[in-house]
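> Need a 3D model of the following:
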Amino acid sequence: MKKLLAIAFLALACAREQHPLPQPQVMPKRCDGLCGTVVDAKTKQPIREFIIFLFADRPLNFGVPAGYPIPPGPMIEERVIESNDGSFVLKTPPEPVFIGVSARGYKSRITPKTVDASTAVTITLTKAPVPDQR
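Residues are numbered from 1 along each chain as shown. All right, here's what the predicted structure looks like:
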């Protein structure tokens, strides 16, 4: 009986080698809404306090005064975020948006292309130069 059991286990092991199990596929991280993380570009550490701006991918219907930066489209949401790990989750926007991020001590940044809520985004910010205090 023991020999029969050993032969059965050996046959099962051989069959497994001939037909390996499929490898799991790595899927992008999904979340409920528009989500992501804001990190320092150099240290990759999370930035804990920042402001998120969502801009629609539509033309502006108003003029911008001289000297002001021209946004990529009308702003549809602005939110102050405090997060220990630099993460954020926003309600899913009705359309793809540009994400702008501003944080104290860092240069503001707007994503170069529109994003949607299908995958999480990581936004890196670089330190702003310290003004000369003479």
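> CA only for contacts and neighbour counts going forward, please
Noted.
> At the geometric centre of this structure, which residue sits there?
The centre of the chain sits closest to Val121, judged by CA atoms, centre = their mean, with a distance of 1.4 Å.
> if I pick that one, what's in contact with it?
Cys35, Gly36, Thr37 (CA atoms under 8 Å, 6 or more residues apart in numbering).
> can you do 6 Å?
Counting by CA atoms under 6 Å, 6 or more residues apart in numbering, Val121 touches Gly36.
> For it, give me the backbone phi and psi.
Per-residue torsions, Val121: phi -120, psi 150 (degrees, to the nearest 10).
> State the distance from it to Lys113.
Counting by CA to CA, to the nearest Å, the separation of Val121 from Lys113 is 12 Å.
> next one: Val64
For Val64 relative to Lys113 (CA to CA), the value is 21 Å.
> again, but for Arg58
Taken as CA to CA, the span from Arg58 to Lys113 is 13 Å.
> again, but for Pro72
Taking CA to CA, one finds Pro72 at 10 Å from Lys113.
> Am I right that Cys35 falls within a helix?
No: applying DSSP: H, G, I helix; E, B strand; the rest coil, one finds Cys35 to be strand, outside a helix.
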